[in-house]
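J.: Got a sequence here, can you build the structure:
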Amino acid sequence: MFVITAEFRLKPDMLDAFMPLMLIQAEKSLADEPGCLVFDVCIEQNDADDIIFLYEVYRDEAAFNFHMETPHYLAFTETISDLVADKSVRRFDCVASQTGNLQ
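T.: Residues are numbered from 1 along each chain as shown. You can find the predicted model right below:
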């Protein structure tokens, strides 16, 4: 499996505009991309800046590359450009995966 982590540091007062777009992006990625296995959207607690952290798992790197070419990803990227101050992305190979009961 192939893992992506992404961190978005939002511009001031942009969280309310950003989050609905981010949640739609996560939903469409899971629904429309068979190679997208996990798309978690997290927000940092107790931070003066609004920081959104994504944890995405794909079947393989090809599935992630497909994700980056989808219409919903391209539209999302263009739409959020004015909302984001900084973005960083890291790539990982998953060597073990265990999940508990998430509720």
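
J.: in the chain, which spans are strands?
T.: 2-10, 36-43, 51-58, 84-93 (DSSP state E).

J.: okay, the angle between the longest helix along the chain and strand 2-10?
T.: Taking DSSP state H as the criterion, the chain has its longest helix at helix 15-32. Here the directions of helix 15-32 and strand 2-10 differ by 160 degrees (axes from the mean of the first three to the mean of the last three CA atoms, to 10 degrees).

J.: Show me what helix 15-32 is packed against.
T.: strand 2-10, strand 36-43, strand 51-58, helix 71-80 (3 or more CB pairs under 8 Å, 6 or more residues apart in numbering; DSSP states H and E). In this view, the C-beta of every residue, glycine as well, is placed from N, C-alpha and C.

J.: Quick one: the strands of the chain as a markdown table, columns for distance to residue 29 too.
T.: Below are these laid out as a markdown table (distance: least, CB to CB, whole Å):
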| stretch | distance to residue 29 |
| --- | --- |
| strand 2-10 | 11 |
| strand 36-43 | 5 |
| strand 51-58 | 7 |
| strand 84-93 | 15 |
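
J.: I'd like the ones you listed as CSV, with distance to residue 99 and mean neighbour count appended.
T.: Putting the strands of the chain into CSV (distance: least, CB to CB, whole Å; neighbours: other CB atoms under 10 Å) gives the following:
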stretch, distance to residue 99, mean neighbour count
strand 2-10, 13, 18
strand 36-43, 9, 17
strand 51-58, 10, 18
strand 84-93, 16, 12
